[in-house]
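J.: below is the structure, and that's it, no one-letter string:
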(Lines give C-alpha, C1' and ligand atoms only; values in the text may rest on other atoms or scores of the structure.)
Protein backbone atom coordinates (compact mmCIF):
# COMPACT_ATOMS: atom_id res chain seq x y z
CA UNK A 1 0.00 0.00 0.00
CA UNK A 2 0.99 3.59 -0.45
CA UNK A 3 0.12 6.65 1.60
CA UNK A 4 0.44 10.36 1.06
CA UNK A 5 2.36 12.37 3.63
CA UNK A 6 -0.91 14.14 4.47
CA UNK A 7 -2.63 10.80 5.18
CA UNK A 8 0.16 9.88 7.57
CA UNK A 9 -0.10 13.26 9.30
CA UNK A 10 -3.86 12.81 9.77
CA UNK A 11 -3.29 9.36 11.32
CA UNK A 12 -0.76 10.89 13.73
CA UNK A 13 -2.90 13.97 14.41
CA UNK A 14 0.20 15.98 13.54
CA UNK A 15 1.03 19.00 11.39
CA UNK A 16 2.40 18.56 7.88
CA UNK A 17 4.73 21.03 6.15
CA UNK A 18 5.57 21.23 2.45
CA UNK A 19 4.19 18.90 -0.22
CA UNK A 20 1.70 16.64 1.56
CA UNK A 21 0.80 14.83 -1.69
CA UNK A 22 4.13 12.95 -1.83
CA UNK A 23 3.42 9.20 -1.79
CA UNK A 24 5.38 6.81 0.39
CA UNK A 25 5.20 3.01 0.61
CA UNK A 26 6.83 2.55 4.00
CA UNK A 27 9.04 3.95 6.74
CA UNK A 28 12.80 3.72 7.19
CA UNK A 29 15.75 4.88 9.23
CA UNK A 30 17.03 8.15 7.69
CA UNK A 31 20.33 6.87 6.32
CA UNK A 32 18.67 3.89 4.63
CA UNK A 33 15.54 5.60 3.32
CA UNK A 34 14.66 5.52 -0.35
CA UNK A 35 12.84 8.24 -2.24
CA UNK A 36 9.50 6.48 -1.68
CA UNK A 37 10.01 5.97 2.06
CA UNK A 38 9.25 8.17 5.04
CA UNK A 39 12.39 8.82 7.08
CA UNK A 40 11.99 8.57 10.87
CA UNK A 41 14.22 11.38 12.14
CA UNK A 42 12.33 12.27 15.30
CA UNK A 43 15.41 13.36 17.24
CA UNK A 44 18.18 15.82 16.24
CA UNK A 45 20.74 13.02 16.50
CA UNK A 46 19.22 11.46 13.35
CA UNK A 47 19.55 14.64 11.26
CA UNK A 48 22.86 13.67 9.68
CA UNK A 49 21.31 10.45 8.39
CA UNK A 50 18.91 12.40 6.18
CA UNK A 51 21.75 13.55 3.95
CA UNK A 52 22.95 9.96 3.57
CA UNK A 53 19.55 8.62 2.49
CA UNK A 54 17.25 9.64 -0.34
CA UNK A 55 14.05 10.44 1.59
CA UNK A 56 11.93 13.30 0.28
CA UNK A 57 9.78 13.40 3.44
CA UNK A 58 10.41 12.72 7.09
CA UNK A 59 8.88 12.77 10.56
CA UNK A 60 10.83 15.36 12.55
CA UNK A 61 11.17 16.68 16.09
CA UNK A 62 9.54 19.92 17.17
CA UNK A 63 11.47 22.96 16.03
CA UNK A 64 13.31 21.23 13.19
CA UNK A 65 14.07 23.27 10.05
CA UNK A 66 12.76 20.80 7.48
CA UNK A 67 13.78 22.91 4.48
CA UNK A 68 17.36 23.26 5.70
CA UNK A 69 17.46 19.47 5.94
CA UNK A 70 16.76 19.26 2.19
CA UNK A 71 13.26 17.78 2.49
CA UNK A 72 10.21 18.39 0.33
CA UNK A 73 7.77 17.58 3.14
CA UNK A 74 7.83 16.97 6.86
CA UNK A 75 5.56 15.88 9.68
CA UNK A 76 6.41 17.39 13.06
CA UNK A 77 5.45 15.49 16.20
CA UNK A 78 5.71 16.54 19.87
CA UNK A 79 6.13 13.01 21.26
CA UNK A 80 8.07 10.75 18.89
CA UNK A 81 7.47 7.40 20.56
CA UNK A 82 3.74 8.04 20.68
CA UNK A 83 3.86 8.96 17.01
CA UNK A 84 5.37 5.53 16.35
CA UNK A 85 2.22 3.89 17.71
CA UNK A 86 0.05 5.71 15.17
CA UNK A 87 2.46 5.20 12.28
CA UNK A 88 2.86 1.46 12.85
CA UNK A 89 -0.90 1.01 13.32
CA UNK A 90 -1.45 2.67 9.95
CA UNK A 91 1.17 0.60 8.12
CA UNK A 92 0.71 -2.82 9.73
CA UNK A 93 -1.68 -4.93 7.63
CA UNK A 94 -1.64 -7.81 10.11
CA UNK A 95 -1.93 -11.45 9.03
CA UNK A 96 -3.56 -12.13 5.68
CA UNK A 97 -6.77 -14.01 6.45
CA UNK A 98 -9.41 -14.26 3.74
CA UNK A 99 -12.88 -13.04 4.72
CA UNK A 100 -15.42 -15.69 5.67
CA UNK A 101 -14.78 -19.21 6.92
CA UNK A 102 -11.98 -21.12 5.22
CA UNK A 103 -13.13 -24.50 3.82
CA UNK A 104 -10.50 -26.27 5.91
CA UNK A 105 -11.77 -24.77 9.19
CA UNK A 106 -13.98 -26.87 11.48
CA UNK A 107 -16.87 -24.86 12.90
CA UNK A 108 -19.55 -26.49 15.05
CA UNK A 109 -23.03 -25.88 13.59
CA UNK A 110 -24.16 -24.27 16.86
CA UNK A 111 -21.39 -21.66 16.78
CA UNK A 112 -22.28 -18.08 15.85
CA UNK A 113 -19.86 -16.24 13.56
CA UNK A 114 -20.28 -12.45 13.39
CA UNK A 115 -20.62 -10.49 10.19
CA UNK A 116 -17.32 -9.72 8.49
CA UNK A 117 -15.32 -12.28 10.49
CA UNK A 118 -12.38 -14.07 8.88
CA UNK A 119 -11.60 -17.65 9.94
CA UNK A 120 -8.38 -19.19 8.64
CA UNK A 121 -7.52 -22.78 7.73
CA UNK A 122 -7.31 -25.49 10.39
CA UNK A 123 -9.17 -23.35 12.92
CA UNK A 124 -11.44 -25.38 15.22
CA UNK A 125 -14.44 -23.64 16.79
CA UNK A 126 -16.46 -25.60 19.32
CA UNK A 127 -20.10 -25.83 20.24
CA UNK A 128 -22.03 -22.67 21.09
CA UNK A 129 -19.00 -20.41 20.60
CA UNK A 130 -19.82 -16.81 19.69
CA UNK A 131 -17.37 -14.88 17.51
CA UNK A 132 -17.95 -11.11 17.20
CA UNK A 133 -18.17 -9.05 14.02
CA UNK A 134 -14.97 -8.45 12.03
CA UNK A 135 -12.93 -10.82 14.22
CA UNK A 136 -9.87 -12.33 12.49
CA UNK A 137 -8.69 -15.78 13.56
CA UNK A 138 -5.50 -17.19 12.04
CA UNK A 139 -4.69 -20.80 11.26
CA UNK A 140 -4.41 -23.63 13.79
CA UNK A 141 -6.32 -21.76 16.49
CA UNK A 142 -8.80 -23.67 18.63
CA UNK A 143 -11.68 -22.14 20.58
CA UNK A 144 -13.50 -24.50 22.92
CA UNK A 145 -17.19 -24.74 23.70
CA UNK A 146 -19.26 -21.85 25.09
CA UNK A 147 -16.49 -19.27 24.69
CA UNK A 148 -17.21 -15.72 23.57
CA UNK A 149 -14.85 -13.55 21.50
CA UNK A 150 -15.73 -9.87 21.01
CA UNK A 151 -15.77 -7.69 17.92
CA UNK A 152 -12.61 -6.81 15.94
CA UNK A 153 -10.48 -9.45 17.66
CA UNK A 154 -7.18 -10.47 16.09
CA UNK A 155 -6.07 -13.94 17.12
CA UNK A 156 -2.79 -15.06 15.60
CA UNK A 157 -1.82 -18.60 14.66
CA UNK A 158 -1.81 -21.45 17.14
CA UNK A 159 -3.71 -19.81 20.00
CA UNK A 160 -5.66 -22.13 22.34
CA UNK A 161 -8.75 -20.76 24.05
CA UNK A 162 -10.43 -23.08 26.54
CA UNK A 163 -14.06 -23.66 27.35
CA UNK A 164 -16.32 -20.88 28.68
CA UNK A 165 -13.69 -18.16 28.27
CA UNK A 166 -15.13 -14.68 27.74
CA UNK A 167 -13.09 -12.07 25.86
CA UNK A 168 -14.05 -8.47 25.05
CA UNK A 169 -13.73 -6.34 21.95
CA UNK A 170 -10.53 -5.52 20.03
CA UNK A 171 -8.63 -8.36 21.67
CA UNK A 172 -5.19 -9.23 20.27
CA UNK A 173 -3.39 -12.49 20.98
CA UNK A 174 0.05 -13.31 19.62
CA UNK A 175 0.89 -16.85 18.43
CA UNK A 176 0.88 -19.75 20.83
CA UNK A 177 -0.93 -18.19 23.78
CA UNK A 178 -3.03 -20.53 25.93
CA UNK A 179 -6.04 -19.02 27.66
CA UNK A 180 -8.12 -21.17 29.98
CA UNK A 181 -5.89 -24.12 30.88
CA UNK A 182 -6.42 -25.84 34.22
CA UNK A 183 -4.76 -24.20 37.21
CA UNK A 184 -1.87 -25.88 39.05
CA UNK A 185 -3.71 -26.87 42.19
CA UNK A 186 -3.10 -30.10 44.13
CA UNK A 187 -3.81 -31.34 47.65
CA UNK A 188 -2.92 -34.30 49.88
CA UNK A 189 -5.34 -36.24 52.11
CA UNK A 190 -3.44 -35.13 55.22
CA UNK A 191 -1.55 -31.91 55.87
CA UNK A 192 1.50 -31.87 53.60
CA UNK A 193 5.05 -30.95 54.48
CA UNK A 194 4.66 -27.84 52.33
CA UNK A 195 1.65 -26.67 54.37
CA UNK A 196 3.51 -27.24 57.66
CA UNK A 197 6.60 -25.42 56.41
CA UNK A 198 4.53 -22.43 55.36
CA UNK A 199 2.52 -22.27 58.59
CA UNK A 200 5.61 -22.61 60.80
CA UNK A 201 7.96 -20.57 58.59
CA UNK A 202 10.10 -23.65 58.11
CA UNK A 203 10.56 -24.65 61.74
CA UNK A 204 8.29 -27.72 61.52
CA UNK A 205 8.39 -29.93 58.46
CA UNK A 206 7.78 -33.41 59.82
CA UNK A 207 4.69 -34.36 57.81
CA UNK A 208 5.18 -36.91 55.06
CA UNK A 209 3.71 -36.20 51.65
CA UNK A 210 1.07 -38.53 50.32
CA UNK A 211 0.20 -38.58 46.64
CA UNK A 212 -0.96 -35.29 45.19
CA UNK A 213 -4.63 -35.12 44.14
CA UNK A 214 -5.82 -32.60 41.57
CA UNK A 215 -8.24 -29.81 42.43
CA UNK A 216 -10.01 -29.28 39.11
CA UNK A 217 -10.50 -25.79 37.71
CA UNK A 218 -14.22 -25.36 37.05
CA UNK A 219 -14.06 -21.56 36.81
CA UNK A 220 -13.10 -19.74 33.66
CA UNK A 221 -11.22 -16.69 32.34
CA UNK A 222 -12.79 -13.27 31.79
CA UNK A 223 -10.90 -10.70 29.70
CA UNK A 224 -12.00 -7.10 29.13
CA UNK A 225 -11.83 -4.85 26.07
CA UNK A 226 -8.61 -3.81 24.26
CA UNK A 227 -6.49 -6.44 26.00
CA UNK A 228 -3.36 -7.88 24.34
CA UNK A 229 -1.72 -11.21 25.17
CA UNK A 230 1.86 -12.00 24.13
CA UNK A 231 3.23 -15.07 22.39
CA UNK A 232 3.29 -18.29 24.44
CA UNK A 233 1.70 -16.64 27.46
CA UNK A 234 -0.56 -18.79 29.63
CA UNK A 235 -3.61 -17.77 31.63
CA UNK A 236 -5.07 -20.45 33.89
CA UNK A 237 -8.79 -20.66 34.51
CA UNK A 238 -10.07 -20.09 38.02
CA UNK A 239 -10.82 -22.89 40.44
CA UNK A 240 -14.35 -21.64 41.17
CA UNK A 241 -14.45 -17.94 40.25
CA UNK A 242 -12.89 -16.58 37.08
CA UNK A 243 -9.32 -15.51 36.50
CA UNK A 244 -9.78 -11.96 35.21
CA UNK A 245 -7.92 -9.30 33.21
CA UNK A 246 -9.20 -5.72 33.07
CA UNK A 247 -9.68 -3.41 30.10
CA UNK A 248 -6.63 -2.20 28.14
CA UNK A 249 -4.16 -4.39 30.04
CA UNK A 250 -1.21 -5.72 28.02
CA UNK A 251 0.76 -8.93 28.59
CA UNK A 252 4.15 -9.53 26.99
CA UNK A 253 5.48 -12.90 25.80
CA UNK A 254 5.84 -15.81 28.24
CA UNK A 255 3.72 -14.25 30.99
CA UNK A 256 1.94 -16.68 33.31
CA UNK A 257 -1.16 -15.92 35.37
CA UNK A 258 -2.12 -18.61 37.87
CA UNK A 259 -5.66 -19.65 38.77
CA UNK A 260 -7.94 -17.00 40.33
CA UNK A 261 -5.52 -14.16 39.59
CA UNK A 262 -7.19 -10.79 39.08
CA UNK A 263 -5.42 -8.08 37.06
CA UNK A 264 -6.80 -4.54 36.89
CA UNK A 265 -7.14 -2.07 34.03
CA UNK A 266 -4.31 -0.40 32.08
CA UNK A 267 -1.72 -2.73 33.59
CA UNK A 268 1.50 -3.77 31.83
CA UNK A 269 3.11 -7.16 32.50
CA UNK A 270 6.48 -7.58 30.77
CA UNK A 271 8.16 -10.77 29.54
CA UNK A 272 8.38 -13.78 31.86
CA UNK A 273 6.31 -12.23 34.64
CA UNK A 274 4.77 -14.94 36.79
CA UNK A 275 1.85 -14.29 39.14
CA UNK A 276 0.85 -17.07 41.53
CA UNK A 277 -2.71 -18.11 42.27
CA UNK A 278 -5.35 -15.90 43.89
CA UNK A 279 -3.20 -12.76 43.80
CA UNK A 280 -4.81 -9.43 42.92
CA UNK A 281 -2.95 -6.89 40.79
CA UNK A 282 -4.35 -3.35 40.83
CA UNK A 283 -4.92 -0.79 38.09
CA UNK A 284 -2.08 0.84 36.10
CA UNK A 285 0.53 -1.50 37.57
CA UNK A 286 3.78 -2.09 35.63
CA UNK A 287 5.79 -5.25 36.34
CA UNK A 288 9.15 -5.45 34.57
CA UNK A 289 10.60 -8.57 32.98
CA UNK A 290 10.92 -11.68 35.17
CA UNK A 291 9.03 -10.16 38.10
CA UNK A 292 7.56 -12.86 40.31
CA UNK A 293 4.56 -12.32 42.58
CA UNK A 294 3.66 -14.71 45.41
CA UNK A 295 0.18 -16.15 45.87
CA UNK A 296 -2.75 -14.70 47.82
CA UNK A 297 -1.43 -11.14 48.10
CA UNK A 298 -2.49 -7.74 46.75
CA UNK A 299 -0.36 -5.38 44.67
CA UNK A 300 -1.92 -1.92 44.82
CA UNK A 301 -2.78 0.54 42.08
CA UNK A 302 0.05 2.35 40.25
CA UNK A 303 2.80 0.10 41.61
CA UNK A 304 5.94 -0.20 39.45
CA UNK A 305 8.33 -3.13 39.95
CA UNK A 306 11.71 -3.22 38.21
CA UNK A 307 12.98 -6.28 36.34
CA UNK A 308 13.51 -9.51 38.31
CA UNK A 309 11.84 -8.12 41.45
CA UNK A 310 10.29 -10.81 43.65
CA UNK A 311 7.17 -9.62 45.48
CA UNK A 312 6.50 -11.79 48.52
CA UNK A 313 3.99 -9.66 50.44
CA UNK A 314 1.38 -6.95 49.94
CA UNK A 315 2.53 -3.77 48.19
CA UNK A 316 0.70 -0.49 48.95
CA UNK A 317 -0.53 1.67 46.08
CA UNK A 318 1.97 3.89 44.30
CA UNK A 319 5.19 2.16 45.44
CA UNK A 320 8.19 1.69 43.17
CA UNK A 321 9.79 -1.66 44.04
CA UNK A 322 13.03 -3.44 43.24
CA UNK A 323 14.99 -6.46 44.41
CA UNK A 324 14.58 -9.84 46.05
CA UNK A 325 12.77 -9.64 48.34
CA UNK A 326 11.07 -6.55 46.96
CA UNK A 327 11.90 -3.26 48.69
CA UNK A 328 11.19 0.36 47.93
CA UNK A 329 13.58 1.24 45.12
CA UNK A 330 15.51 3.81 47.17
CA UNK A 331 15.97 1.28 49.99
CA UNK A 332 17.17 -1.37 47.57
CA UNK A 333 19.69 0.96 45.94
CA UNK A 334 21.05 1.97 49.34
CA UNK A 335 21.23 -1.68 50.42
CA UNK A 336 23.02 -2.68 47.21
CA UNK A 337 25.65 -0.01 47.83
CA UNK A 338 26.16 -1.46 51.30
CA UNK A 339 26.42 -5.01 49.93
CA UNK A 340 29.24 -3.91 47.64
CA UNK A 341 31.03 -2.50 50.68
CA UNK A 342 30.78 -5.76 52.67
CA UNK A 343 34.16 -7.23 51.59
CA UNK A 344 35.91 -4.06 52.73
CA UNK A 345 33.93 -3.97 55.98
CA UNK A 346 34.76 -7.62 56.69
CA UNK A 347 38.44 -6.95 56.02
CA UNK A 348 38.30 -4.04 58.51
CA UNK A 349 36.58 -6.27 61.10
CA UNK A 350 39.24 -8.95 60.71
CA UNK A 351 41.97 -6.34 61.07
CA UNK A 352 40.33 -5.04 64.27
CA UNK A 353 39.97 -8.57 65.63
CA UNK A 354 43.62 -9.21 64.92
CA UNK A 355 44.62 -5.96 66.63
CA UNK A 356 42.50 -6.75 69.71
CA UNK A 357 43.91 -10.26 70.01
CA UNK A 358 47.44 -8.85 69.65
CA UNK A 359 46.76 -6.31 72.44
CA UNK A 360 45.42 -9.06 74.72
CA UNK A 361 48.59 -11.10 74.25
CA UNK A 362 50.77 -8.07 75.02
CA UNK A 363 48.86 -7.53 78.29
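T.: The structure has been received and is ready for your questions. Just so we're clear, the structure is a prediction, and the values are computed from it rather than from any experiment.
J.: C-alpha from now on. contacts and neighbour counts both.
T.: Noted.
J.: residue ranges of each domain in the protein, please.
T.: What automatic domain parsing lists as the domains of the chain is 3-91, 328-362.
J.: which of the ones you listed has the lowest average pLDDT?
T.: The minimum mean pLDDT among the domains of the chain belongs to domain 328-362 (a mean of 86).
J.: element containing the nearest residue to residue 190 once chain neighbours are set aside, please.
T.: Among residues not flanking residue 190 along the chain, residue 210 sits closest, at 7.5 Å (C-alpha to C-alpha, 6 or more residues apart in numbering). Using DSSP states H and E, residue 210 falls within no helix or strand.
J.: show the pLDDT at residue 210.
T.: With respect to pLDDT, residue 210 scores 75.
J.: what about it, how many neighbours?
T.: Using other C-alpha atoms under 10 Å, residue 210 has 13 other residues around it.
J.: can you tell me how far it sits from residue 226?
T.: 44 Å (C-alpha to C-alpha, to the nearest Å).
J.: quick one, helices of the stretch 251-363 of the chain?
T.: Using DSSP state H, counting those that start in this stretch, the helices of the stretch 251-363 of the chain run over residues 329-362.
J.: quick revisit: I'd like to know how far the residue nearest to residue 190 sits from residue 203.
T.: Distance from residue 210 to residue 203, counting by C-alpha to C-alpha: 20 Å.
J.: swap in residue 304?
T.: Taken as C-alpha to C-alpha, the span from residue 304 to residue 203 is 33 Å.
J.: next: residue 70.
T.: For residue 70 relative to residue 203 (C-alpha to C-alpha), the value is 74 Å.
J.: hang on, the earlier thing: can you tell which of the domains of the chain is closest to residue 110?
T.: Across the domains of the chain, residue 110 has its closest neighbour in domain 3-91 (34.5 Å, C-alpha to C-alpha).
J.: so how far is the closest one off the chain centroid?
T.: Distance of domain 3-91 from its chain centroid, counting by C-alpha atoms, centre = their mean, to the nearest Å, is 29 Å.
J.: returning to that earlier point: residue 304 and residue 203: who's more crowded?
T.: Taking neighbours as other C-alpha under 10 Å, residue 304 and residue 203 compare with residue 304 leading, 23 against 10.
J.: list the contacts of the more buried one.
T.: By C-alpha atoms under 8 Å, 6 or more residues apart in numbering, the residues touching residue 304 are 285, 286, 287, 288, 318, 319, 320, 321.
J.: how about a cut-off of 6 Å?
T.: Taking C-alpha atoms under 6 Å, 6 or more residues apart in numbering, we find residue 304 in contact with 285, 286, 287, 320.
J.: for beta bridges, what are the partners of it?
T.: Beta-bridge partners for residue 304, by DSSP bridges, are residue 286, residue 320.
J.: any idea how far residue 227 is from it?
T.: Computed as C-alpha to C-alpha, the residue 304 to residue 227 distance reads 19 Å.
J.: sorry, back to before: ok, so of the contacts of residue 304, who is nearest residue 234?
T.: residue 287 (16.4 Å).
J.: isn't the closest one right up against residue 305?
T.: Yes. Residue 287 lies in contact with residue 305 (C-alpha atoms under 6 Å); the separation is 4.9 Å.
J.: coming back round to it: residue 326: which of the contacts of residue 304 is nearest?
T.: Of the contacts of residue 304, the one sitting nearest to residue 326 (C-alpha to C-alpha) turns out to be residue 320, at 9.5 Å.
J.: how near is the closest one to residue 4?
T.: Distance check for residue 320 against residue 4: by C-alpha to C-alpha, it reads 44 Å.
J.: more crowded one of those two?
T.: Higher neighbour count among residue 320 and residue 4: residue 320, with 18 against 15, using other C-alpha under 10 Å.
J.: list the contacts of the more buried one.
T.: Here residue 320 is in contact with 303, 304, 305, 328, 329 (C-alpha under 6 Å, 6+ apart).
J.: now those residues in JSON lines, with distance to residue 88?
T.: JSON lines is the format used below for the contacts of residue 320 (distance: C-alpha to C-alpha, whole Å):
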{"residue": "303", "distance to residue 88": "29"}
{"residue": "304", "distance to residue 88": "27"}
{"residue": "305", "distance to residue 88": "28"}
{"residue": "328", "distance to residue 88": "36"}
{"residue": "329", "distance to residue 88": "34"}
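J.: just the buried ones among these, please.
T.: Among the contacts of residue 320, those classed as buried by 16 or more other C-alpha atoms under 10 Å are 303, 304, 305, 329.
J.: quick one: which of those residues is nearest to residue 65?
T.: Nearest to residue 65, judged by C-alpha to C-alpha, of those is residue 304 at 38.5 Å.
J.: need the pLDDT of that closest one.
T.: Here the pLDDT value assigned to residue 304 is 98.
J.: from residue 38, how far off is it?
T.: In this view, residue 304 and residue 38 are 36 Å apart by C-alpha to C-alpha.
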